[in-house]
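Colleague: whatever this is, show me its structure:
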Amino acid sequence: MRKLFFIALLLTTILHATAQNAVVEESLTEVECISPTHAIIRFKEVTTILNEHGANLATFVCSCNKNDKLTRFKGQVMDADGHVIRKFKESELKRTEYSQYLAVDDYKMYLDYTPPVFPVTITYEWTTESHDDVIEFPRFCPQTDYDISVKKAIYQLTVPKDLSIRHALLNIDKAVTMSDDGKTLTLELDDLPPIKQEPYARPLRERLPMAYFAPTDFIYYGTKGSLSSWADYGKWEYSLINGREALPEDVRREIHQLTDGLKTDREKVAALYKHLEKTTRYVAVLLGIGGQQPAPAASVCKSGFGDCKGLSNYMRAMLKEVGILSNYTTISTTNRRLLHDFASAGQLNHVILKVPLKGDTLWLECTNPQLPLGYIHEDIAGHNAIVISEKGGEFVQLPVYADSVNLLHQDISINLSGEGSADISLSQTAYYREYEKRLPLLTMGKQDFQRTLLQMMRVPQAVISKSGIKENKGNVSLSLSTDITSRGYATVTGQRLFVPLFPMRLGFNSPNTNKERTEDLYIANGWQDESIITLTIPEDYSVEAKPKDITIEKPFGTFFFHLSQQENTIKAEYRLLLKKGSYDKSLFADLSEFIKQIGKAYAQKVALKKK
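Modeller: Numbering: from 1, shown residues only. From the prediction side, this is the model:
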């Protein structure tokens, strides 16, 4: 009977699993907080994997360190008939044996398993125990990817009666319940439908049902703090960095030698930022409280390495030495938005430095001082952050560059022969976000650089004769140039040549609008393209057909194309502006048509006929 029941359950799962990869049959998290410094967490996950697209859910991974240990584990796999085809023991788990970082006591216990058939149902049960680092409790997130449904998920947290607990819910419309004795919080979710991946939608992590739980007051590696607000969180963070900015006397003298002759604070910041680039490198330090506390500035300058915390604190120390105020600032490179009314350390994973100068504020990325001074890179631009001072934490949002400054400007000259071959000269300058995208080109070898250039272009039988690249940090730009010969640029048909106007590969793909849209449109980054193409045609050919001018204006972008001719020279001008932001889902068909029209415009050809 039990076997028949399981088969019926699995068949029901499959029937309801149209266009999805897995079903979480049961997700159970039981947190027993014994004291402010000790917690035991029990997990159970029962997942039916329907096809190879969900096969990654068969892998078990548990993050550990010397204070968070895996104490129990077991698992099993059942086939569609309810037969147990595999059992797992704790002894089968593997441990990550090395780290790319220098000082990390984190490690993972994991089990790689690939199901031999589909569907299969995998059950994992495990227990972890935490000591001295109970600054928050495990996050509740039963859905982890697109196309996964959840039948039942339960989160239960039991705490001592005198321990105050806060929680926050995202994309969840059910309330957390409290037991009569006030010691146990429970959140239960049923029948969560799969989340469908849609083009131009918010990131998945902003759509997942998620719940956060944390104590109001905590003890973390012997330090005491409060998370009742971001201001209180900031006071605790300040206690971790206060007094760690002292520098050795020889380093102080060197700093003054670098800066005393400079006139402005900005010049001094620039000199010290360059000094940071020359004398340090990034290495993560995640030992004990070092996961939250920076290494002393004196230690960083002596060793020449540090993580985001240590390098930012070192830069703060150098600026303090020359009388310039700066603020240690915590931020997330993955969460654009922090929960305004729920402070927790787990929402943050990075540290930068705020330098408020007169009439300007610089945000310094100290882990990568090769970036231009004050450049706000894509992983933090527009993100919420917490600025730390002795007064506490201040909730802020970093600036975002205007769409129009994320500019790609191209001048392309095409000299065409009567046989269809062409000599092409490309001059391209990329600014801000477009500059950032092309930064890997700077460190490529000649072969890889030229191969990448050819991949950027839509030119058959192409051979590069000359190429170069130059970075200008002053105006945050990167310029590249190349000369290319193509033996078959134009298509020859009898007395005619069909000539592509735009030789670059932009990759415009119009999204499918047949399916019903559930999410509003979201364009994460806006940018602008300006391209001027000068095509010189053979003297014994004339223009038989040419594209018409185009102007398109939409809420999410504008496009302009103009073509002019003077004797045997054709000039084509393209201007495209894509605007970041959120737009109503009713505009999805318009966006798709906009992209389709742009793709066609960039793919247009001129027809030439022999005189």
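Colleague: which strands and helices sit next to the biggest strand by length in the chain?
Modeller: Looking across the chain with DSSP state E, the single longest strand is strand 22-35. The contact analysis (3 or more C-beta pairs under 8 Å, 6 or more residues apart in numbering; DSSP states H and E) places strand 22-35 against helix 2-15, strand 38-49, strand 148-158. Bear in mind the C-beta positions are built from the backbone N, C-alpha and C, glycine included.
Colleague: that one - what's its average pLDDT?
Modeller: Per-residue pLDDT values over strand 22-35 give a mean of 97.
Colleague: note down every partner strand of that strand and its orientation.
Modeller: Strand 22-35 has the following strand partners under DSSP bridges: strand 38-49 (antiparallel), strand 148-158 (parallel).
Colleague: what residues of the first one count as buried?
Modeller: Under the neighbour-count criterion of 16 or more other C-beta atoms under 10 Å, strand 38-49 has 39, 41-43, 45-49 buried.
Colleague: contacts for stretch 312-326?
Modeller: Outside of stretch 312-326, the residues within contact range by C-beta atoms under 8 Å, 6 or more residues apart in numbering are 241, 244-247, 252, 255-256, 259, 265, 268-269, 272-273, 275-276, 280, 294-297, 300-301, 306, 327-329, 351-357, 364, 366-367.
Colleague: narrow these to those in strands?
Modeller: Counting by DSSP E, the part of the contacts of stretch 312-326 found in strands is 306, 327-329, 351-357, 364.
Colleague: want to throw the residues you listed into JSON lines with distance to Leu563 and pLDDT?
Modeller: Shown next, in JSON lines, are the ones in strands among the contacts of stretch 312-326 (distance: C-beta to C-beta, whole Å; pLDDT from 0 to 100):
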{"residue": "Gly306", "distance to Leu563": "55", "pLDDT": "90"}
{"residue": "Asn327", "distance to Leu563": "52", "pLDDT": "98"}
{"residue": "Tyr328", "distance to Leu563": "54", "pLDDT": "98"}
{"residue": "Thr329", "distance to Leu563": "49", "pLDDT": "98"}
{"residue": "Val351", "distance to Leu563": "51", "pLDDT": "97"}
{"residue": "Ile352", "distance to Leu563": "46", "pLDDT": "97"}
{"residue": "Leu353", "distance to Leu563": "49", "pLDDT": "98"}
{"residue": "Lys354", "distance to Leu563": "48", "pLDDT": "98"}
{"residue": "Val355", "distance to Leu563": "48", "pLDDT": "98"}
{"residue": "Pro356", "distance to Leu563": "49", "pLDDT": "97"}
{"residue": "Leu357", "distance to Leu563": "47", "pLDDT": "96"}
{"residue": "Leu364", "distance to Leu563": "46", "pLDDT": "98"}
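Colleague: state the distance from the nearest residue to Thr485 once chain neighbours are set aside to Phe498.
Modeller: Nearest residue to Thr485, sequence neighbours excluded (C-beta to C-beta, 6 or more residues apart in numbering): Val463, at 5.1 Å. Distance, Val463 to Phe498, by C-beta to C-beta, to the nearest Å: 22 Å.
Colleague: of these two, who's got more company?
Modeller: Higher neighbour count among Val463 and Phe498: Phe498, with 15 against 12, using other C-beta atoms under 10 Å.
Colleague: give me the phi and psi for that one.
Modeller: For Phe498, the backbone dihedrals are phi -110, psi 110 (criterion: degrees, to the nearest 10).
Colleague: just Met457 next, same as before
Modeller: Main-chain torsions, Met457, degrees, to the nearest 10: phi -110, psi 150.
Colleague: which residues does it form beta bridges with?
Modeller: Met504.
Colleague: coming back round to it: what's the PyMOL line that selects buried ones from the ones in strands among the contacts of stretch 312-326?
Modeller: A single PyMOL command selects the buried members of the ones in strands among the contacts of stretch 312-326 (16+ other C-beta under 10 Å):
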select buried, resi 306+327+328+329+351+352+353+354+355+357+364
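Colleague: select, from the ones in strands among the contacts of stretch 312-326, the two members most distant in space.
Modeller: Gly306 and Leu357 (24.0 Å; C-beta to C-beta).
Colleague: re the thing from before, considering the helices and strands packed on strand 22-35, which stretch scores lowest in mean pLDDT?
Modeller: helix 2-15 (a mean of 43).
Colleague: hang on, Asn56 in a helix?
Modeller: Yes - counting by DSSP: H, G, I helix; E, B strand; the rest coil, Asn56 is found in a helix.
Colleague: now do the contacts for it.
Modeller: So Asn56 contacts nothing (C-beta under 8 Å, 6+ apart).
Colleague: over to Ala58?
Modeller: The contact partners of Ala58, by C-beta under 8 Å, 6+ apart, come to 49, 77, 113-115, 120, 122.
Colleague: pLDDT wise, what is it at?
Modeller: So, for Ala58, pLDDT stands at 96.
Colleague: can you pull the contacts of the nearest residue to it once chain neighbours are set aside?
Modeller: Among residues not flanking Ala58 along the chain, Tyr113 sits closest, at 4.7 Å (C-beta to C-beta, 6+ apart). The contact partners of Tyr113, by C-beta under 8 Å, 6+ apart, come to 58-60, 77, 86, 88, 122.
Colleague: Ser130 too?
Modeller: Applying C-beta under 8 Å, 6+ apart, the residues near Ser130 are 38-41, 67-68.
Colleague: who is it paired with across the strands?
Modeller: According to DSSP bridges, the partner residues bridging Ser130 are Ala39, Asp68.
Colleague: and what of the one 10 residues further on?
Modeller: Per DSSP bridges, residues listed as beta-bridge partners of Phe140: Ala211.
Colleague: that one and Ser592: what is the separation?
Modeller: As defined by C-beta to C-beta, Phe140 lies at a distance of 36 Å from Ser592.
Colleague: try Leu563
Modeller: Leu563 sits 25 Å away from Ser592, going by C-beta to C-beta.
Colleague: who has more neighbours out of these two?
Modeller: Leu563 (20 against 17).
Colleague: now that one. Nearest residue, chain neighbours left out?
Modeller: Using C-beta to C-beta, 6+ apart and skipping the chain neighbours, the partner closest in space to Leu563 is Ala572 (5.0 Å).
Colleague: so that neighbour is in which element?
Modeller: strand 569-578 (DSSP states H and E).
Colleague: report all helices and strands that that strand contacts.
Modeller: strand 527-536, strand 557-566, helix 588-602.
Colleague: closest to Lys152 out of those?
Modeller: For these, the distance to Lys152 is smallest for helix 588-602, at 33.4 Å, taking C-beta to C-beta.
Colleague: name the residues that touch that closest one?
Modeller: For helix 588-602, using C-beta under 8 Å, 6+ apart, the contacting residues are 200, 502, 504, 506, 508-513, 517, 521, 547, 550, 552, 554, 556-557, 559, 561, 574, 576, 583.
Colleague: mark which of those are buried, thanks.
Modeller: Using 16+ other C-beta under 10 Å, the buried members of the contacts of helix 588-602 are 200, 502, 504, 506, 508, 510, 517, 521, 547, 550, 554, 556-557, 559, 561, 574, 576, 583.
Colleague: where does this structure dip in pLDDT?
Modeller: For the chain, applying pLDDT under 70 flags the ranges 1-18, 97-104, 285-290.
Colleague: which stretches of it form helices?
Modeller: Using DSSP state H, the helices found in the chain span residues 2-15, 230-241, 249-259, 265-279, 297-303, 308-321, 433-438, 446-456, 588-602.
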